[in-house]
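1. This is a predicted model, with the sequence first.
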Amino acid sequence: MQTLSIKKTKYSGKTMALTAMFAALVTVATAFIKIPAPLGYAHSGDAVVYLAACVLPAPFGFIAASLGGALADLLSGYAVWAIPTALIKALNVLPFFLIRRRLQRAHKDNRIVRPLTLLMLLPTSIVTVGGYFVANMLLYDLGAAWAETPFNLIQAAVAAVMFIILAASLDTVKFKQKLGL
């Protein structure tokens, strides 16, 4: 009689639970925590996406960001945006992942706020604005894409500021060290 062997991985149940928590936080922060803006609203979900990217191991950061963003669109009545959002949120994680690999090799990945991490707010903002521009073009037309661009610029700026505030607060309590990932 054969016995089943369970393959051990370097990822623990804690990592998976944190991934689910971050996906839920992205969902709630996007769908329910909205900040009024002159031309619409901004949400805090992208700030949580950036946090997930800076805290979770790479595959789990991508999963939390994509799943959380897509679920927020589904819950908010914007199902047509779920797939574009999942792709864009995964791409939002990429700059942080690349910098984290560099920081990990230098044994300097013990804090969220680092000059290189803050620098990644620029490419991730370009991903947000450019990604939604392309999605608007594909779903609607070029005029709609241009009309939405100011909203997406506001969203990227608000998310960057919120990320810095949240990340600095978490760094003061040594959040990453306490997680031990």
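-> Received it, and whenever you're ready, just let me know what you need.
2. quick one: least confident helix or strand in the protein?
-> strand 34-37 (a mean of 70; mean pLDDT, DSSP states H and E).
3. just checking, next helix/strand downstream of whichever strand or helix holds Ala65?
-> Element membership for Ala65, per DSSP states H and E: helix 58-75. Sequence-wise, the next helix or strand downstream of helix 58-75 (DSSP H and E) is helix 82-105.
4. That next one to helix 58-75, inter-axis angle?
-> 150 degrees (axes from the mean of the first three to the mean of the last three C-alpha atoms, to 10 degrees).
5. What is helix 82-105 packed up against?
-> For helix 82-105, the packing partners by 3 or more C-beta pairs under 8 Å, 6 or more residues apart in numbering; DSSP states H and E come out as helix 45-55, helix 58-75, helix 115-119, helix 121-139. In this view, the C-beta of every residue, glycine as well, is placed from N, C-alpha and C.
6. deepest of those, which one?
-> Ranked by mean neighbour count, the helices and strands packed on helix 82-105 are led by helix 45-55 with a mean of 27 (mean count of other C-beta atoms under 10 Å).
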